[in-house]
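Visitor: this is a predicted model, with the sequence first.
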Amino acid sequence: MAQESEIDYKLQFRYNMQQASDEIIVDGLITEQTWQEAEVGSDFWQKLPYYAEGANPKTEIRLSYDDNNLYVVAKCYQEVDILVRSLKRDEFWDNDGIGVVLDPMNSRTNSVLFGLSAVGVQWDATRAHSN
């Protein structure tokens, strides 16, 4: 039996981020020209109620950067009431929310994770390969 080839996720889920073309004001609005020009990412998976199925309703993200910051905009469409199981910091994955995983060395073993629930609960963590 032949071994299945490994999926090249870098090609399948590529997002082309551009440097900000104007000053980004972090105010919850996406009125800057940078956001109008940014590529929209929308092919995401959900954890609940069905793990690894396409997210429904959809979520759209936009990314940009300047000399000092990485900017992430998420537009999360909601058709039912928001699910809130906990308001404790770092109890993220059982709530409606969004997370960002950064793997700047593309190692697939070490990363930093940041998340925000639909009601503003923050979450962060590191992931490191251990021998």
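Guide: In hand now; what should we look at? Numbering: from 1, shown residues only.

Visitor: and Val101, what element?
Guide: strand 97-102 (DSSP states H and E).

Visitor: with only the CA atoms kept, save that strand in PDB.
Guide: Taking Å, rounded to 0.1, in the frame of the first residue of the first chain, the C-alpha atoms of strand 97-102 are listed here in PDB:
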ATOM      1  CA  GLY A  97     -14.300  33.100  19.700                       C
ATOM      2  CA  ILE A  98     -11.400  33.300  17.400                       C
ATOM      3  CA  GLY A  99      -7.700  32.400  17.800                       C
ATOM      4  CA  VAL A 100      -4.500  33.200  15.900                       C
ATOM      5  CA  VAL A 101      -1.500  30.900  15.900                       C
ATOM      6  CA  LEU A 102       1.900  32.400  14.900                       C
END
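
Visitor: list the buried residues in the next helix or strand after that strand.
Guide: The element immediately downstream of strand 97-102 (helix or strand, assigned by DSSP H and E) is strand 111-117. The neighbour-count check on strand 111-117 (16 or more other CB atoms under 10 Å) flags Ser111, Phe114, Gly115, Leu116, Ser117 as buried. Backbone N, C-alpha and C define where each C-beta goes, glycine included.

Visitor: what comes up buried for the helix or strand just after strand 111-117?
Guide: Sequence order places strand 122-127 as the next helix or strand after strand 111-117, per DSSP H and E. By neighbour count with 16+ other CB under 10 Å, strand 122-127 contains the buried residues Trp123.

Visitor: can you check stretch 95-108 too?
Guide: For stretch 95-108, by 16+ other CB under 10 Å, it's Asn95, Asp96, Gly97, Ile98, Gly99, Val100.

Visitor: ok, the second one - contacts?
Guide: Okay, so that is Asp96. Counting by CB atoms under 8 Å, 6 or more residues apart in numbering, Asp96 touches Cys76, Gln78, Ile82, Leu83, Val84, Ser117, Ala118.

Visitor: so what sits opposite the closest residue to Thr126 other than its chain neighbours in the bridge?
Guide: Nearest residue to Thr126, sequence neighbours excluded (CB to CB, 6 or more residues apart in numbering): Val112, at 5.4 Å. With DSSP bridges as the criterion, Val112 is bridged to Leu102, Thr126.
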